[in-house]
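# Here is my input; please provide its structure:
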Amino acid sequence: MTRALPVPSPWTTRLCAAMSVMTLASACAKKPAPPPQGPPQVGYVTIKAEPVTRTAELPGRTAPTLSSDVRPQVNGIIKARLFTEGGDVSAGQVLYQIDPAPYQATLDQAKGTLANGEANLTTTKLQAERYADLVKMNAVSRQDNDNAQATYRQALATVQADEAAVESAAINLGYTKVRAPISGRIGRSAVTPGALVTSDQTTALATIQSLNPIYVDVSQSADALLKLRQALSGGQLDRAPSSAQVKLVLSDGTPYTEAGVLKFSEVTVDQSTGSVTLRAVFPNPHDVLLPGMFVRAILNEGVYQNGILAPQQGVSHDPKGAASAFVVGADGEAQPRTLTTAEAIGDKWLVTNGLKPGDKLIVEGLLKVQPGVKVHAAPAGSPGSAAQSSGSPPAATSGAATSGSTSASSSGG
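Numbers count the residues shown, from 1 in each chain. Predicted structure coming up:
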């Protein structure tokens, strides 16, 4: 026979519930409070001063050092084209042959006229010499002698004119061979054999361009040029020893292997663009550069002898562009700094005001930093830094290059 369990009374149920609440409250009261949080861990880099070369990357286009149109100097029919389009030609090389027949005939006629004049000159000369002797003996009148002398001089002048006509005809005959005025690369031909050309035509037969060396014309804003001159004259920037040297980047981003030399700066500002044209000369032994190519030239503008470089992850900008950063003070507190930055150099900022050599710029753990708060600082990337404790990648270990000079790149506008 099964025995029924006693049903608990309502008072018993309430008592058990009250005891459970008291037990839970007692357990919560005995749980220890969390320890107070220590100073935030941050990583810093030590700011150093170093020579920084300021460069300007400017857009430009290539242009030939020499360019000449091939034009006919006489009229005639093209008999032959004697060059390969797109090939190299030398100065004086025959490029076209114009039909020489009419000019040869003119030359032959001029030579005949000259021979006739020379024969007449011989007769008049002998007569003038005889009359000069006879007039001394009063065998002829002085008038006859004067006429003989004048006839001789006229014959002499005629011969000189005939000689000039022969020379002119020979020159025109030579012009039937159209020669290259300069050495260089010749383009396509505008005419084919059988075409009629004239000495006063406006269309060139072909164009020759000298490509080695080659010019690169770049544009720099007048404002940037003015600021550069002010920085140089004010002593903030020293002229670089290699200020005349220019490097080149091709349109596909490939660096050009040959270095160029800055030749001159235009003396007039373009009113439509507000820019000044600079011209550099580059060797082009392998014809990599062709006229009209778009390139970017890198010019050495000067050197900051004591440049301050700050990693970009340690510098923040507000919506208005003002730069600021935190440094570790001597008392271990985070101190805010207002910075003046000149330009970006790789992954760093060139700082002209707000930092000095020896400052410990905070680059890790910035989200935990507040002005005047004590921080636990360690060199960036070290075991005690914020990056190592949080598992994030370490920052740069120095705000300056270890050796040599750093190149600063600025846009020329």
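# Just the element for the residue nearest the centre of the chain, please.
Nearest residue to the geometric centre of the chain (CA atoms, centre = their mean): Ala297, 2.2 Å. Using DSSP states H and E, the element containing Ala297 is strand 294-311.
# For the residue nearest to the centre of the chain, which residues are in contact?
Neighbouring residues of Ala297 by CB atoms under 8 Å, 6 or more residues apart in numbering: 57-60, 216, 218, 246-249, 260, 278, 280. Where C-beta positions appear, they are placed from N, C-alpha and C, glycine not excepted.
# one more time with 7 Å
When contacts are counted by CB atoms under 7 Å, 6 or more residues apart in numbering, Ala297 touches Leu58, Gly60, Val216, Val218, Val246, Leu248, Ala280.
# For the fourth one, grab the count of nearby residues.
Applying the criterion other CB atoms under 10 Å, we find 25 residues in the vicinity of Val218.
# Could you do the first one as well?
With neighbours defined by other CB under 10 Å, the count for Leu58 comes to 24.
# Which strands border the strand or helix carrying it, and is each parallel or antiparallel?
Using DSSP H and E, Leu58 sits in strand 49-70. Strand pairing for strand 49-70, determined by DSSP bridges: strand 206-221 (antiparallel), strand 294-311 (antiparallel), strand 406-411 (parallel).
# Show me the strands in the stretch 151-300 of the chain, by range?
If DSSP state E, counting those that start in this stretch is used as the criterion, the strands of the stretch 151-300 of the chain fall at 177-179, 184-186, 196-197, 206-221, 245-249, 260-265, 275-282, 294-311.
# for Gln149, what are its contacts?
Residues Ala128 are the ones in contact with Gln149 under the rule CB under 7 Å, 6+ apart.
# Roughly how far does it sit from Thr341?
95 Å (CB to CB, to the nearest Å).
# so where's this structure shaky on pLDDT?
1-37, 223, 225, 227-228, 230-244, 266-267, 270-271, 382-413 (pLDDT under 70).
# Domain map for it?
With domains defined by automatic domain parsing, the chain comprises 42-53+305-411, 54-63+210-303, 74-99+177-203, 101-173.
# and the end-to-end length of the third one?
Spelled out, it's domain 74-99+177-203. Length of domain 74-99+177-203, first residue to last, CA to CA, to the nearest Å: 14 Å.
# Isn't Glu85 up against Ser189?
Yes. Between Glu85 and Ser189 there is a contact at 5.8 Å, judged by CB atoms under 7 Å.
# and the two? which has more neighbours close in?
Under the neighbour definition other CB under 10 Å, Glu85 and Ser189 were set side by side, and Ser189 has more, 20 against 10.
# Against Val178, how distant is that one?
11 Å.
# Quick check: neighbours shared by these two?
Joint contacts of Ser189 and Val178 (CB under 7 Å, 6+ apart) are Leu205.
# Ala165 - how many residues pack around it?
Neighbours of Ala165 (other CB under 10 Å): 18.
# rewinding a little: so who does the residue lying closest to the residue nearest to the centre of the chain once chain neighbours are set aside touch?
What sits nearest to Ala297 in space, not counting adjacent residues and going by CB to CB, 6 or more residues apart in numbering, is Val218, at 4.6 Å. Val218 sits next to Leu58, Pro59, Gly60, Leu278, Ala297 when contact means CB under 7 Å, 6+ apart.
# hmm, which two among those are most spread apart?
The distance between the two most remote of the contacts of Val218 (CB to CB) is 11.1 Å, for Pro59 and Leu278.
# So which of these two has more stuff around it?
Comparing Pro59 with Leu278 by neighbour count (other CB under 10 Å), the higher total belongs to Leu278, at 23 against 16.
# my guess is the more buried one meets Gln220, correct?
Yes. In this structure, Leu278 is within contact of Gln220 by CB under 7 Å, at 6.0 Å.
# Just give me how far stretch 147-161 sits from the chain centre.
66 Å (CA atoms, centre = their mean, to the nearest Å).
# Output the longest helix belonging to the chain.
helix 101-136 (DSSP state H).
# which strands and helices sit next to that one?
Judged by 3 or more CB pairs under 7 Å, 6 or more residues apart in numbering; DSSP states H and E, the packing partners of helix 101-136 are helix 142-175.
# How about the helix it packs on, which residues are buried there?
The neighbour-count check on helix 142-175 (16 or more other CB atoms under 10 Å) flags 145, 148-149, 151-152, 155-156, 158-159, 162-163, 165-166, 169-170, 172-173, 175 as buried.
# Same check on stretch 278-292?
Leu278, Arg279, Ala280, Val281, Phe282, Asn284, Val288, Leu289, Pro291.
# which residues sit in contact with the third one?
Contacts were defined as CB under 7 Å, 6+ apart; by that measure Ala280 touches Val216, Val246, Gly260, Val261, Leu262, Lys263, Ala297.
# Spatially, and excluding backbone neighbours, which residue is closest to Ile362.
For Ile362, the spatially nearest residue (CB to CB, 6+ apart) is Phe326, at 4.4 Å.
# hang on, I meant Gly76
Using CB to CB, 6+ apart, the closest residue to Gly76 is Ile98 (3.9 Å).
# How about Ala91?
Nearest one to Ala91, counting by CB to CB, 6+ apart, is Ser183 at 4.7 Å.
# ok, the one you found touching Gly87?
No. Counting by CB under 7 Å, Ser183 sits too far from Gly87 to count as a contact (11.7 Å).
# Mutual contacts of those two, please.
With CB under 7 Å, 6+ apart as the test, Ser183 and Gly87 reach no residue in common.
# So for these two, which residue has more residues nearby?
Counted by other CB under 10 Å, Ser183 and Gly87 do not tie: Ser183 has more neighbours, with 17 against 9.
# Okay, that one and Ile208: tell me how far apart.
8 Å.
# where do the contact lists of those two overlap?
Common neighbours of Ser183 and Ile208 (CB under 7 Å, 6+ apart) are Val89.
# ok, now how distant is Asp318 from Thr338?
10 Å.
# now do Ala155
99 Å.
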